[in-house]
Structures are given as C-alpha cells and as structure tokens.
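**Q** Here's a sequence, model it:
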Amino acid sequence: MMRNFHKTFVVVAIIATFASGCRSTDEYKKFAETGNSFAEATNSLLEDAEKITINTTSERLLSDRRTSGEFQPSDEAAKKFIARYTELSEEDKKRLELIKELRRHNQFLQAYFNKLIELAGSDSPDRSKAAVESIASNLQNSGSKLVSLSPIKIDRLASVTKIVLDARIRGAMREELEKRKYAIYQEITLQEKVLKQISDSVEEDIKTIRKLQEYRLVLEPLTQSPEVNEDTWIATRYQVLTQDAEVVTKIKNASDKLTNLKEIFIASIEGDLTGEILENFIQETKSFSALVYNQK
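**A** As a prediction, this is how the structure comes out:
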C-alpha cells in the first residue's frame, strides 16, 4: 500500500552508484533490492504505529466508559464523555497527520533524487533545473510542516561537518549538489528524527494499551465472569502481555538505518563509498527486514 520509502531508498542507491563512479550492475542491484525490502519493512512498521495509536485511544475510551457508569445521552456525564472522546480523537488525528506528512516528505525526497539523476544525464538541463527548484521547495515546505506537527521541538538545522564533493561529479549535477547538499542532508536527518519520535510515542502507547487490556481482557473476566475457559484465558493473558513488544525496537532500528543511509549518501558524493561499507550496510539492512517480516 505504501511504497514511498523504498522508492527514495532506491534512487539514493542510483545516486550513490552514479556519483561515486561505481558501475557494477550487480552491486547496484544488491543495494536497490535491499532498499526495497528495508523500506517496505519500515512502511509496515508505520502501519503498526497507526494501529497502536488508534487502539490505545479506543482502550482509554472503553476504560472511561466503564468508570463513568450508566448515563443518558443528554445528561452531564454523557456530555463530559463526548468531550473526552473528541479530545482524544483530535490527538489521534494529529499523530496520524504526522505520519502522513512523513510519507509525503519522503515522496518529495524521492522526486528530488529522480530529478537529480535526470539532471546529471541531460544535455539541456535548464528544464530539469526548474523542476529541481520546485521539488526542493516542496520538500523543505513539507519538512517545515513536519516540524510544526511534531508535539515536541525538533531542531530544523542538523549539524554536519563540511561536505566536499568528489571531483568526478561535474556539470549541472555538481552545481545542484553544491547548492543544496546541506539542505538535503537536513531533510534526511529530519525524517530520522521523526521516526525516532514516533517510536517514543508508540512505546508509551504500548504501555498504556497493555495495562488497560490486562484489566479488560484478563482481570475482569477472571473476577467477574461465572465461568472462565482456562486455556482461552491463559492464551489471552500471554497475548496481552507480549503484544507489540518488538515494534518500538524495530522503528528505532529503522531510524538508525536512515542514519546509515545518510552517511552512505554523503560518502558517495564525496567519493568515499567503499565496497566494504556498502556490503556491511546491505547485510545489516537485510537482517532488519527479515526480523520485521519473520515476526509479523
């Protein structure tokens, strides 16, 4: 359903191959296939994050409903409950909007890299330059929106040491990278930080949902139901106490992989990308992707 991350990962692989002078088809294929698998795994985790966000609020509302007791639609208790529902639902919408904007930001990043490749191979780069300008503007506007949607402060300016372009990068591509290399670095860093923030929020949600479900699905049936299916109860308790335990770790791992991807991009445009660095990254990313899907 959501393929934006893998597209950006693949075009960065193309940039790395083109800019560093590496022409090995097999090496590019490995990098691109790894990128596809990594990004699809990351998108799968974002789907988990959305589900956990909504389910946590639903559990909170059910808990509030139980503690409120019986009420009529028009009485004061009902009005308070509706206000509580509206408040929590708005919080959900903000979180979902943040995740949606993260995907949109990645679309612009993908489009930027695609145009950069086009710019590098164009005999008449003026039209591509105009497109790059427009996309870069949209990318940075989306980045600003991510910052504004964030419930915690995010430093818009990522610290980075001086980037010196490889002498083999020339022409319009060099001109563009000289102009925007730090801005693109900052946008990739912003995605990395938002993923980390999402993982922190999900970690808190998982604690909440586990606590509320343990009462609703485990303790309440055990203490209030006249009959309990013991095997079903044991299975339910195990599921509640162990659910989603790995999601946070995986999202943080995805953020770490973005850090590595950012470093590889810089190494590629500086001419420092070695086969060993690339191979290590490929193997680590394959392991991450396998972990996500094997535990689904």
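**Q** how many other residues sit next to Glu70?
**A** Counted with other C-beta atoms under 10 Å, residues neighbouring Glu70 total 6. For the C-beta atoms, the positions are set from N, CA and C on the backbone; glycine is no exception.
**Q** now Ile198
**A** 25.
**Q** how near is it to Ala254?
**A** Counting by C-beta to C-beta, to the nearest Å, the gap from Ile198 to Ala254 is 10 Å.
**Q** Find the helix or strand that the nearest residue to Ser199 once chain neighbours are set aside is a member of.
**A** Of all residues not flanking Ser199 in the chain, Ile251 sits nearest, at 3.8 Å (C-beta to C-beta, 6 or more residues apart in numbering). Element membership for Ile251 (DSSP states H and E) is helix 247-270.
**Q** From the chain's centroid, how far away is stretch 249-268?
**A** Here stretch 249-268 is found 11 Å from its chain centre; the criterion is C-alpha atoms, centre = their mean, to the nearest Å.
**Q** What is the one helix or strand Ile135 maps to packed up against?
**A** Element membership for Ile135 (DSSP H and E) is helix 126-149. The contact analysis (3 or more C-beta pairs under 8 Å, 6 or more residues apart in numbering; DSSP states H and E) places helix 126-149 against helix 76-120, helix 171-213.
**Q** which one of the ones you listed is the most hemmed in?
**A** Ranked by mean neighbour count, these are led by helix 171-213 with a mean of 19 (mean count of other C-beta atoms under 10 Å).
**Q** by how many degrees do that one and helix 247-270 diverge?
**A** Angle, helix 171-213 to helix 247-270, by axes from the mean of the first three to the mean of the last three C-alpha atoms, to 10 degrees: 170 degrees.
**Q** sorry, back to before: Lys262: which of the helices and strands packed on helix 126-149 is closest?
**A** Nearest to Lys262, of all the helices and strands packed on helix 126-149, is helix 171-213, at 4.6 Å by C-beta to C-beta.
**Q** Now render the helices and strands packed on helix 126-149 as a markdown table, adding distance to Ala245.
**A** Converted to a markdown table, the helices and strands packed on helix 126-149 look like this (distance: least, C-beta to C-beta, whole Å):
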| stretch | distance to Ala245 |
| --- | --- |
| helix 76-120 | 20 |
| helix 171-213 | 7 |
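**Q** Columns mean pLDDT on top of those, output as TSV?
**A** Formatted as TSV, the helices and strands packed on helix 126-149 follow (pLDDT from 0 to 100):
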stretch	mean pLDDT
helix 76-120	85
helix 171-213	86
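**Q** Compare those helices and give me the one nearest Ile135.
**A** helix 76-120 (4.9 Å).
**Q** element containing Thr285?
**A** Element membership for Thr285, per DSSP H and E: helix 275-294.
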